[in-house]
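In: No sequence on hand, only this structure:
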């Protein structure tokens, strides 16, 4: 069982930056692949970024590629999402997710077993 808690959201102007953190419980955190998703009002939850258990492989949605960076620190049981060059369309609740599946990274909601409560990111124009 893994519990994840997101933090770091807030209000920022377009072009600004934020760093989201996802703190996870459990001794097996280092074996879990992790991902970030987001959900804007009236829209479905969508994939943002994913990282494998080691941090060596990452994958991004086209809409954030080159602007967002996912990373992890297994010693701290934490995953990060650095958000740069933010746009108003990045406004959403951002969710951290964990999966115990082996292998690399995952980018569909159904592949993730554990979810956090989300943190709000609002980008003003």
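Out: Sure, I can see it. Worth saying up front: this structure is predicted, and the values here are computed from it rather than measured.
In: tell me the phi and psi of residue 110?
Out: The phi/psi pair for residue 110 (degrees, to the nearest 10) reads phi -60, psi -20.
In: Double-check that residue 85 belongs to a helix.
Out: No - per DSSP: H, G, I helix; E, B strand; the rest coil, residue 85 lies outside any helix segment and is coil.
In: And it, how close does it get to residue 19?
Out: Residue 85 is 14 Å from residue 19, where distance means CB to CB, to the nearest Å. Just so you know, the C-beta spots here come from the backbone N, C-alpha and C atoms, and that holds for glycine as well.
In: Equivalent analysis for residue 111, please.
Out: Residue 111 is 25 Å from residue 19, by CB to CB.
In: quick one: contacts for the closest residue to residue 93 other than its chain neighbours?
Out: Spatial nearest neighbour of residue 93, excluding adjacent residues (CB to CB, 6 or more residues apart in numbering): residue 118 at 4.1 Å. Going by CB atoms under 8 Å, 6 or more residues apart in numbering, residue 118 touches 6, 39, 93, 94, 95.
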